[in-house]
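Colleague: Let's see this in three dimensions:
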Amino acid sequence: MKFGIIGPSEDEIMPFIEQIQNKKIYSIAMLKFYIGKFNNIDVVALYCGVCKVNAAIATQILIDKFNVTHIIVTGVAGAIDNTLRIGDTVISTEVSYHDVADGILTEYHPWMESIYFKCDSNLIELSRQVVEENIFSQKVYFGKIVTGEAFISENGRKEIIEKYSPLCVDMETASVAHVCYVNEIPFIAIRSISDTEEEFGVETFEVNCVSASYNSIKILEKLLMAIKEK
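Modeller: Model prediction:
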């Protein structure tokens, strides 16, 4: 197995990259890919840049150039469900775009049966095991993540809740899931909350990004350890 690990920004992935042993760095498409081992598991990690196209570029390169067998996204997200608090973590079970017309995915390539990309059942099961067997500083939830190209305002929040009822929203996960779907690569996302309906905006995101990212990375580390032990 070889795992591709994607974080949108340096803050969201560098604490993990710093732990990779025997690192080698390759530059492709203006991206730096860090290759090595974590807990004796082969990994290729990078920060892809914010938004959907950047994430998709990184994902396809991981598959084509580095032959990864699984992909995990780690980082932060904005809470949509009011149960979530800053620092809490969402592990994806299914993923969708909130800014792409439904028919784009179901009536055209890749001709999906629904608008939702299903995350890998084995990775979900292992993630549940990790959450049950470890103590984390934050609460951890499993559920739906949706992706779009902008920070969500109060107006956008209502429409997203009515149509998708997700736990959280981000700018990359669905595009990574999309690329994994067409390449038949198992996928999951681990995103921690950087902003909520009560505490929102770019400044709030910037204040909480590092600490929330760390919460995601701690679960990522435990998940990789569980995969090695299985």
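Colleague: lowest-confidence helix or strand of this structure?
Modeller: Least confident element among the helices and strands of the chain, by mean pLDDT, DSSP states H and E: helix 154-163 (a mean of 84).
Colleague: how close does the most far-flung residue of the chain relative to its centre sit to I115?
Modeller: For the chain, the residue at maximal distance from the C-alpha centroid (CA atoms, centre = their mean) is E107, at 26.0 Å. In this structure, E107 lies at 11 Å from I115, with CB to CB, to the nearest Å as the measure. For the C-beta atoms, the positions are set from N, CA and C on the backbone; glycine is no exception.
Colleague: Could you list the buried residues of the longest helix along the chain?
Modeller: Counting by DSSP state H, the longest helix found in the chain is helix 202-229. Of the residues in helix 202-229, those with enough neighbours to count as buried (16 or more other CB atoms under 10 Å) are 204-205, 208-227.
Colleague: what does stretch 138-157 give?
Modeller: Going by neighbour count (16+ other CB under 10 Å), the buried part of stretch 138-157 is 138, 140-141, 144-148, 152, 156-157.
Colleague: With stretch 65-72 instead?
Modeller: 66, 68, 70-72.
Colleague: show me where pLDDT drops low in the chain?
Modeller: Counting by pLDDT under 70, the chain contains low-confidence ranges at 153-155, 199-203, 205, 230.
Colleague: residue ranges for the helices of the protein, please.
Modeller: In chain order, the chain shows helices spanning 10-17, 52-66, 102-106, 121-133, 154-163, 173-183, 202-229, with DSSP H as the criterion.
Colleague: Which one of the ones you listed lies nearest to D42?
Modeller: Distances from D42 to each of those were compared using CB to CB; the minimum, 9.3 Å, belongs to helix 52-66.
Colleague: can you list contacts of the closest one?
Modeller: For helix 52-66, contacts defined as CB atoms under 8 Å, 6 or more residues apart in numbering pick out 2, 4, 6, 8, 26, 28-29, 31, 33, 35, 44, 46, 48-49, 68, 71, 73, 97, 147, 149, 171-176, 178-180, 183, 185.
Colleague: now do 6 Å
Modeller: Contact partners of helix 52-66, identified using CB atoms under 6 Å, 6 or more residues apart in numbering, comprise 4, 6, 28-29, 31, 44, 46, 48, 68, 172, 175-176, 179, 183.
Colleague: in that helix, what's buried?
Modeller: When burial is assessed from 16+ other CB under 10 Å, helix 52-66 yields the following buried residues: 52, 54-63, 66.
Colleague: and which of these is nearest R85?
Modeller: Proximity of these to R85 (CB to CB) peaks at A55, which lies at 25.7 Å.
Colleague: Near M30, how many other residues are there?
Modeller: Around M30 sit 8 other residues, with neighbours defined as other CB atoms under 10 Å.
Colleague: how much space is there between it and E172?
Modeller: In this structure, M30 and E172 are 17 Å apart, going by CB to CB.
Colleague: ditto for K222
Modeller: Counting by CB to CB, the gap between K222 and E172 amounts to 22 Å.
Colleague: what does V207 give?
Modeller: Between V207 and E172 the distance, using CB to CB, works out to 20 Å.
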